[in-house]
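[1] got a predicted structure here, sequence first:
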Amino acid sequence: MRLLLIALLSVAPLFALGEKSTTMQANFIQTITDDKNSTITYEGTMSAKRPNMAMWHYLKPVDKSIYITANEVTIVEPELEQAIIKHLANTIDILAILASAKKVGKNSYLALYGDKEYQVHIRNDIIENITFQDAFDNTVQIIFSKQKINKKILNSVYEAVIPEDFDIIED
């Protein structure tokens, strides 16, 4: 479920941008709030390219990059000197899930997948934020800023670079 969540969020920014949108780059702030109202905040940059490539680079509070392609998720963690590679057996049609979202307000949409709801807020055809409950019942909100749409992005951006001395964990 965690990888589905990562994959869903990878291309979620392309949701309301229209069929001609192919890429998005943005800064993000991700907050995770538990049932005791304790919050942790992450900051970074992201890039997504249709149909199924994404890269999330977390800058604060730790440096970590997540690379997503059709068949694989790679997490590079410099502070731990390790990379985790998860091979995906099935490709999830994330765009179809998001395309099924229903408008629930002027700038609000609700996407359902399994037993999870994803609230998406849009302004001027660009996603501003996404809110959902994760597998641990934490509330997760991702706020996007400085969005750039349809800028050329080389596919190499989505290829993980793993230093030779890192431990590699494959799943």
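    Everything's here; your move.
[2] how near is D34 to A48?
    According to C-beta to C-beta, to the nearest Å, D34 and A48 sit 27 Å apart. Where C-beta positions appear, they are placed from N, C-alpha and C, glycine not excepted.
[3] out of these two, which sits in the more crowded spot?
    Using other C-beta atoms under 10 Å, the more surrounded residue of D34 and A48 is A48, with 24 against 13.
[4] any idea which helix or strand in this protein has the lowest mean pLDDT?
    Ranked by mean pLDDT, DSSP states H and E, the weakest helix or strand in the chain is helix 2-11, scoring a mean of 48.
[5] show me where the protein has its strands.
    Using DSSP state E, the strands of the chain run over 23-33, 39-49, 53-60, 64-68, 72-77, 82-87, 102-103, 108-113, 116-123, 126-133, 139-149, 167-170.
[6] now the third one: buried residues?
    Going by neighbour count (16 or more other C-beta atoms under 10 Å), the buried part of strand 53-60 is M53, A54, M55, W56, Y58.
[7] pLDDT score for D93?
    Per-residue confidence at D93 stands at 46 (pLDDT).
[8] ugh, wrong one, I meant I142
    91.
[9] do the one 10 residues further on as well
    The confidence metric pLDDT takes the value 93 at K152.
[10] if we can go back for a sec, which of the buried residues of strand 53-60 sits closest to V161?
    M55 (11.0 Å; C-beta to C-beta).
[11] quick check: end-to-end length of stretch 154-162?
    For stretch 154-162, the first and last residues are 18 Å from each other (C-alpha to C-alpha, to the nearest Å).
[12] chain center to it: distance?
    From the chain centre to the centre of stretch 154-162 is a distance of 16 Å (C-alpha atoms, centre = their mean, to the nearest Å).
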